[in-house]
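> Just a sequence and a predicted model for now, questions to come.
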Amino acid sequence: MTQPVIELREATKRFRGSTGIMTAVQNLTMTIRPGEFVAVVGPTGCGKSTTLSLVSGLEPASSGEVLVGGKPVQGIPAGIGYMFQQDAIMPWKNVLDNVAAGPRFRGVRKADARAVATTWVERVGLAGFESYYPHQLSGGMRKRVALAQTLVNEPKIILMDEPFSALDVQTRSLMQDELLRLWAGTGAAVIFVTHDLEEAIALADRVVVLTAVPATIKADFVIDLPRPRDVEEIRLTTAFLDIYREIWDCLREEVARARRGATLNAA
Ligand SMILES: Nc1ncnc2c1ncn2[C@@H]1O[C@H](COP(=O)(O)OP(=O)(O)OP(=O)(O)O)[C@@H](O)[C@H]1O
């Protein structure tokens, strides 16, 4: 069996806040193999982003272990691509130079960086827009740039934190399809954090449900839907609806617990 590319072993993260120490993630154990697409869902504020921060090295674990490529995470590991709700596009660079920025940063010669960036601009469907600046692009086009910026670096791991949640419903579906199409050829492992259970099921090989804060794993569902997938089509299938019901039953309890917690805190 292939070795995991990401492993969290009893990982715990505590933060010092104004009211004392709070535990955001507790004894979280999770394994992700190369090429696997894992969606993480859970109630608002449960610790999803913190879990990503542990893998990306942005936050060290307070206890337990986090391994990337079999090595303990110390600092930010190489070979990780990111995509967040807010894109990291540079407003002063055009589309091509935004996409070429990653390879340039890694020391690739300008002409070579632009050549590989051109390929990725085409792959994400933006051929002809190379010289446009971010303010001249729609929200969906900006997401395409962000996707190209991430994939041009050929990451082994892609961490995505609600990357499409700010988009309108139609653009969102388009981007989900684009993501699946482009990811299919990369062999990268993906952790995709989302509030949207439909999105999680449509995209992923596994959906991991986290508990209300502190986050730990409540359940790990295998999504046995065939690939390639068309996200609009697959949502309408009986198999999809059956899986949705099963996972929602599990997630609903945690959402209710999180709400009760929020009400108690507010009282
Ligand atoms: N740097 C920090 N310092 C203090 N507390 C933090 C820090 N980062 C996160 N937290 C707390 O940890 C808990 C989990 O936050 P996190 O952002 O991981 O949740 P989330 O599930 O991603 O949230 P959302 O669903 O709103 O996106 C929250 O109570 C949050 O306030």
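Received it, and whenever you're ready, just let me know what you need.
> Pull out the buried positions in the longest helix along the chain.
Ordering each helix of the chain by length in residues (DSSP state H) puts helix 238-266 first. For helix 238-266, the neighbour count (16 or more other Cβ atoms under 10 Å) marks Phe240, Ile243, Tyr244, Ile247, Trp248, Leu251, Glu254, Val255, Ala258 as buried. In short, each C-beta sits where N, CA and C put it, glycine included.
> per-residue pLDDT, the fifth one?
It stands for Trp248. For Trp248, the pLDDT comes out at 97.
> Let me know the secondary structure of the residue nearest the centre of the chain.
Nearest residue to the geometric centre of the chain (Cα atoms, centre = their mean): Met160, 1.9 Å. Classification of Met160 using DSSP: H, G, I helix; E, B strand; the rest coil returns strand.
> Pick out the residue of the stretch 101-250 of the chain closest to the ligand.
Taking Cβ to the nearest ligand atom as the measure, the point where the stretch 101-250 of the chain comes nearest the ligand is Val213, at 5.4 Å.
> Test my guess that that residue contacts Ala262.
No: assessed by Cβ atoms under 8 Å, Val213 is found out of contact with Ala262, at 9.9 Å.
> tell me the contacts of the spatially closest residue to Lys71 that is not a sequence neighbour?
Nearest residue to Lys71, sequence neighbours excluded (Cβ to Cβ, 6 or more residues apart in numbering): Pro77, at 7.6 Å. By Cβ atoms under 8 Å, 6 or more residues apart in numbering, the residues touching Pro77 are Ser56, Gly57, Val68, Gly69, Lys71, Ile157.
> Would you mind measuring from the second one to the ligand?
Here the distance between Gly57 and the ligand works out to 14 Å (Cβ to the nearest ligand atom, to the nearest Å).
> Make sure that residue is actually in contact with Ala78.
No: the criterion here is Cβ under 8 Å, and Gly57 misses it with Ala78 at 10.3 Å.
> higher neighbour count, the two?
Applying other Cβ atoms under 10 Å to Gly57 and Ala78 shows that Gly57 carries more neighbours, namely 16 against 12.
> Quick check: closest non-adjacent residue to the more buried one.
Ile76 (4.3 Å).
> so how many other residues sit close to the one you found?
11.
> How about Val222?
Val222 has 10 nearby residues by other Cβ under 10 Å.
> For the nearest residue to Pro163 once chain neighbours are set aside, list each beta-bridge partner.
Excluding the flanking residues, the one nearest Pro163 by Cβ to Cβ, 6+ apart is Met83, at 4.2 Å. Bridge pairing for Met83 (DSSP bridges) gives the partners Met160.
> pLDDT value on Met83, please?
pLDDT at Met83 comes out at 93.
> Does anything pack onto the longest helix of the chain? Which helices or strands?
Contact partners of helix 238-266 among helices and strands, from 3 or more Cβ pairs under 8 Å, 6 or more residues apart in numbering; DSSP states H and E: helix 197-203, strand 206-210, strand 217-222.
> Is the ligand within reach of the first one?
No: on the criterion Cβ under 6 Å from any ligand atom, helix 197-203 is out of touch with the ligand, staying 13.0 Å away.
> Quick one: mean pLDDT over that helix.
For helix 197-203, mean pLDDT is 98.
> buried residues in that helix?
Going by neighbour count (16+ other Cβ under 10 Å), the buried part of helix 197-203 is Leu197, Glu198, Glu199, Ala200, Ile201, Ala202, Leu203.
> Just flag the most distant two among these.
Distance extremes for the buried residues of helix 197-203: the farthest pair is Leu197 and Leu203 at 11.1 Å, using Cβ to Cβ.
> closest to Ala219 among the buried residues of helix 238-266?
Ile247 (7.7 Å).
> Next, the contact list for the closest one, please.
Applying Cβ under 8 Å, 6+ apart, the residues near Ile247 are Val41, Leu197, Ala200, Ile201, Val207, Val209, Ala219, Phe221.
> same question, Gln85
If you count contacts by Cβ under 8 Å, 6+ apart, then Gln85 has Asp161, Glu162, Pro163, Ser165, Ala166 around it.
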